[in-house]
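In: with the sequence up front, the predicted model follows.
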Amino acid sequence: MADFVRERITVFYSLISYDTIKANHREIFSCIRYILFRKGESMETDNFIMLPTVDFCFTELMKNCIVRKGFVAALIGIPPEEIEETTLLEASLGGDWPDDKLGILDVHVLLADGTRMNIEMQVKYFEYWDERVLFYMGRMFTSQIKKGEPYKKLQKCIHVSILDFIHFPDDDECYRTIHFRDDKTGKVYTDKMEIQILELKKLPKEVRTGEDVILWMKFFSGKSREEFERVAKANEYLNEAYNTLKTMSADEKKRLEYEARDKALRDYNSQISSAERRGEERGEERTRQVFKLYMQGETPEAIAKICGIPVEKVREIIQ
């Protein structure tokens, strides 16, 4: 799409809310089409393609049962033909917690054997990410039974995090599974709770035969039609994912929702980054103040009272 048009779409997004866009997508697209017509272009020739790293696009892809079946099979390491059924559950685990201000668009899947999966797409690291994963894992596991029901009803739960950032900087492993294990023997304590982490930024250049998860990771990290086309040739499920992606990208309403969600995510991440920078600046200023007072002969207790911070923090700074 021409820069001229993108500038005007950006103006639309800055003036109206996500809900307004969803409710009035036909009118907005009529305006966009008119602009394109005046510029001698069309929606069909601008080569636009959605990116799966935007959670709206990812959740829409997972609504396709064939795509979902192929990806889930890769995650649990079995041929797709062996999966009887995958059912989407209502996304009800989030929405009322501090990090959920933007809305949770995770994918909740129920397998035929009772196994539950929560799949999330995350593009930016935030503080206490590990604790958040454990919280949602525990909530998914305990939500299976009600008070008075037997524990034997509890089925395996798998939390899958697809990350567009590096979370484990000390190694090159792009895909890992995590279980509860005995510290001495290394034996798995239980397989009822499992965490899978896919780090897109660590993807290897070459994919070895049989690494279906890596193929899906390459697809999710694609940035152009050419990249998606190359990966889609690997199997019928990835090909279905690419066809679904093209269909979604040509859909007027979904495209508007995608663009609005992408902008909301960018704005939110920008606010977080700005807040982090301000926090670092305030931290540096507070450290200088603590040292200045300490050099003036103030006690840690007095410094803590003046600066409004715990005395333990003061001692940590001046040590």
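Out: Now that the structure is in, tell me what you want to look at.
In: buried residues, stretch 146-159. List them.
Out: Within stretch 146-159, the residues that count as buried by 16 or more other Cβ atoms under 10 Å are 154, 156-159. Where you see a C-beta, it was placed from the backbone N, CA and C, and this is true even at glycine.
In: try stretch 229-242
Out: Using 16+ other Cβ under 10 Å as the test for burial, stretch 229-242 gives 231-232, 235, 237-242.
In: now do stretch 55-67
Out: Across stretch 55-67, burial judged by 16+ other Cβ under 10 Å covers 55-62, 64, 66-67.
In: and residue 180, helix, strand or coil?
Out: Using DSSP: H, G, I helix; E, B strand; the rest coil, the structure places residue 180 in strand.
In: sorry, back to before: now for the buried residues of stretch 146-159: which two are most distant?
Out: Largest separation among the buried residues of stretch 146-159 by Cβ to Cβ: 154 and 159, giving 15.0 Å.
In: distance between the ends of stretch 165-173?
Out: 13 Å (Cα to Cα, to the nearest Å).
In: hmm, who's touching it?
Out: Contacts to stretch 165-173, defined as Cβ atoms under 8 Å, 6 or more residues apart in numbering, come from residues 122-125, 129, 176, 197, 199, 201-202.
In: run through who's touching the longest strand along the chain.
Out: Secondary structure of the chain read by DSSP state E shows that its longest strand is strand 188-199. Here strand 188-199 makes contact (Cβ under 8 Å, 6+ apart) with 75, 133, 137, 141, 154-163, 165-168, 173-182, 213, 217.
In: one more time with 6 Å, if that's ok
Out: With Cβ atoms under 6 Å, 6 or more residues apart in numbering as the test, strand 188-199 has contacts from 156-163, 166, 174-182, 217.
In: partners of that strand in the sheet?
Out: Take DSSP bridges as the rule and strand 188-199 pairs in its sheet with strand 157-163 (parallel), strand 175-181 (antiparallel).
In: after that strand, which helix or strand is next?
Out: Once the chain leaves strand 188-199, the next helix or strand it forms, by DSSP states H and E, is helix 212-220.
In: pLDDT weak spots in the stretch 151-300 of the chain?
Out: Within the stretch 151-300 of the chain, the stretches with pLDDT under 70 are 209-210, 269-283, 295-296.
In: run through the strands of the stretch 51-200 of the chain in chain order.
Out: Assigned by DSSP state E, counting those that start in this stretch, the stretch 51-200 of the chain shows strands spanning 86-89, 107-111, 116-122, 157-163, 175-181, 188-199.
In: packing partners of the first one?
Out: For strand 86-89, the contact count by 3 or more Cβ pairs under 6 Å, 6 or more residues apart in numbering; DSSP states H and E identifies helix 65-76, strand 107-111 as packing neighbours.
In: what's the most buried one of these?
Out: Ranked by mean neighbour count, these are led by helix 65-76 with a mean of 21 (mean count of other Cβ atoms under 10 Å).
In: that one: how far from the chain's middle?
Out: Offset of helix 65-76 from its chain centre (Cα atoms, centre = their mean, to the nearest Å): 18 Å.
In: show residues contacting that helix.
Out: Applying Cβ under 6 Å, 6+ apart, the contact partners of helix 65-76 are 61-62, 80, 83, 86, 212-213, 216, 237, 240-241, 244.
In: average pLDDT for that helix, rounded please.
Out: Helix 65-76 shows a mean pLDDT of 97.
In: alpha carbons of that helix, as PDB, please.
Out: The C-alpha trace of helix 65-76 is given here as PDB (Å, rounded to 0.1, in the frame of the first residue of the first chain):
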ATOM      1  CA  CYS A  65      -9.100 -26.700  12.300                       C
ATOM      2  CA  ILE A  66      -6.700 -28.000   9.700                       C
ATOM      3  CA  VAL A  67      -4.000 -25.400  10.600                       C
ATOM      4  CA  ARG A  68      -4.600 -26.000  14.300                       C
ATOM      5  CA  LYS A  69      -4.300 -29.800  13.900                       C
ATOM      6  CA  GLY A  70      -1.000 -29.500  12.100                       C
ATOM      7  CA  PHE A  71       0.500 -27.100  14.600                       C
ATOM      8  CA  VAL A  72      -0.700 -29.100  17.700                       C
ATOM      9  CA  ALA A  73       0.600 -32.300  16.200                       C
ATOM     10  CA  ALA A  74       4.100 -30.700  15.800                       C
ATOM     11  CA  LEU A  75       4.000 -29.500  19.400                       C
ATOM     12  CA  ILE A  76       3.200 -33.000  20.900                       C
END
